[in-house]
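Student: The sequence and its predicted three-dimensional model are supplied below.
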Amino acid sequence: MSDKSELLLKPKRFYKAAATAPVAGGFAVQLDGRAPKSPAKNPLVAPTRALADLIAAEWEAQADYIDTSLMPATRLAFTAIDRIAETRAEVSREITAYAASDHLCYRAEHPAALVERQERAWGAILDWAKAEHGLTFMPVAGIIHQPQPPATLASVEALALTLDDFALAGLAFAAGLYGSTVLALAVRAGRLTGRAALDLARLEEVFQAEQWGQDEEAAARAEALSVEAEMIDRWFAALRA
């Protein structure tokens, strides 16, 4: 598809300015004074001004055409608004499923330098999860599935269900991004930045790149993931504000 054809599929920017304003239930993103609607026709309202400002900045950054692929916080907000309230149990189970096969629990068997790096870096975050949330995980060397303690998984699901819709949407997004509920929880708490968590999730890939160099395709993928990691970092920071 040509660039011109792609533009024809995107709506033109129809507003002069994006801003935020307090409304019942939070803070609305406003385009020339009117709140845009989600796919399910719900107004775009965030629970904190900081989050509304983050979303509004994406709308303000659009040029002649609105490119939603460049608006990850807006897309996640629409998910929180349209989907989470009706699927909280399902989303909590998705987060628990990531915990059941958490990336941080599957360690390399060699080389020794990588093994040591994973034990040190990943072990520190698992220790934090235990101290902060009482979550005990069982690491294993290799890729054979290691069942995690039922009490840990029950605690993860219970914790997820206590979150509001925006925090729950963010946690599910982050768990999928990192392949790790533990890293997602650490970013939510501000224990790790989104980018630092991504570096930990990609620890083996980073190690291999240090040894052999990184190809262009891998570098492009890492850059795309870093954009999402930085967004979810700002998302959780805005919810904490």
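Tutor: That came in fine, so what should we check first?

Student: Buried residues, stretch 101-119. List them.
Tutor: D102, H103, L104, C105, Y106, R107, A108, L114, R117, Q118 (16 or more other Cβ atoms under 10 Å). Backbone N, C-alpha and C define where each C-beta goes, glycine included.

Student: Check stretch 19-31 too.
Tutor: A19, T20, G26, F27, A28, V29, Q30, L31.

Student: For the protein, give me the ranges with low pLDDT.
Tutor: Along the chain, the model assigns pLDDT under 70 to residues 1-8.

Student: switch to 50 and redo it
Tutor: Applying pLDDT under 50 to the chain flags residues 1-5, 7.

Student: all strands in it, in order from the N-terminus.
Tutor: 18-23, 26-31, 45-46, 106-107, 140-141 (DSSP state E).

Student: Return the residues in contact with the residue most central in space within the chain.
Tutor: With distances taken as Cα atoms, centre = their mean, the residue of the chain nearest its centroid is A174 (2.7 Å). Contacts for A174 (Cβ atoms under 8 Å, 6 or more residues apart in numbering) come out as L183, A184, V187, R188, G194, A197, I232, F236.

Student: Which one of the residues you listed is nearest to K37?
Tutor: K37 has its nearest neighbour among the contacts of A174 in I232, at 23.7 Å by Cβ to Cβ.

Student: A186 against T193, yeah?
Tutor: No. At 9.5 Å, A186 and T193 do not qualify as touching, with contact defined as Cβ atoms under 8 Å.

Student: The two: who's more crowded?
Tutor: Shown here are A186 and T193; by other Cβ atoms under 10 Å, A186 has more neighbours (25 against 18).

Student: how close does the more buried one sit to T87?
Tutor: A186 is 24 Å from T87, where distance means Cβ to Cβ, to the nearest Å.

Student: for L161, same thing?
Tutor: In terms of Cβ to Cβ, L161 sits 12 Å off from T87.

Student: Please work out how many residues are found near R13.
Tutor: 16.

Student: Excluding residues flanking it in the chain, which one is nearest it?
Tutor: Nearest residue to R13 in three dimensions, chain neighbours excluded: Q62, at 5.3 Å (Cβ to Cβ, 6 or more residues apart in numbering).

Student: Can you show me the helices along the protein?
Tutor: Under the criterion DSSP state H, helices of the chain are mapped to 3-8, 49-60, 72-82, 88-100, 112-133, 150-162, 165-178, 181-189, 194-201, 203-212, 216-240.

Student: closest to P139 out of these?
Tutor: helix 112-133 (7.1 Å).

Student: and the closest one, what does it pack onto?
Tutor: strand 106-107, helix 181-189, helix 194-201, helix 203-212 (3 or more Cβ pairs under 8 Å, 6 or more residues apart in numbering; DSSP states H and E).

Student: orientation of that helix relative to helix 181-189 in degrees?
Tutor: Interaxial angle of helix 112-133 relative to helix 181-189 (axes from the mean of the first three to the mean of the last three Cα atoms, to 10 degrees): 60 degrees.

Student: How far away from the center of its chain is helix 112-133?
Tutor: Computed by Cα atoms, centre = their mean, to the nearest Å, the chain-centroid distance of helix 112-133 equals 20 Å.

Student: Convert the C-alpha atoms of that helix to CSV, please.
Tutor: This file holds the C-alpha atoms of helix 112-133, laid out as CSV (Å, rounded to 0.1, in the frame of the first residue of the first chain):
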residue,chain,number,x,y,z
ALA,A,112,28.4,-18.8,33.2
ALA,A,113,28.5,-15.0,32.7
LEU,A,114,24.9,-15.0,31.5
VAL,A,115,23.8,-17.4,34.3
GLU,A,116,25.4,-15.1,36.9
ARG,A,117,23.8,-12.0,35.3
GLN,A,118,20.3,-13.5,35.4
GLU,A,119,20.7,-14.8,38.9
ARG,A,120,21.8,-11.4,40.1
ALA,A,121,19.4,-9.1,38.1
TRP,A,122,16.3,-11.3,38.0
GLY,A,123,16.8,-12.6,41.5
ALA,A,124,16.8,-9.1,42.9
ILE,A,125,13.4,-8.4,41.3
LEU,A,126,12.0,-11.7,42.5
ASP,A,127,13.2,-10.9,46.0
TRP,A,128,11.4,-7.5,45.7
ALA,A,129,8.2,-9.3,44.7
LYS,A,130,8.4,-11.5,47.8
ALA,A,131,9.2,-8.7,50.1
GLU,A,132,6.6,-6.3,48.6
HIS,A,133,3.7,-8.6,47.8
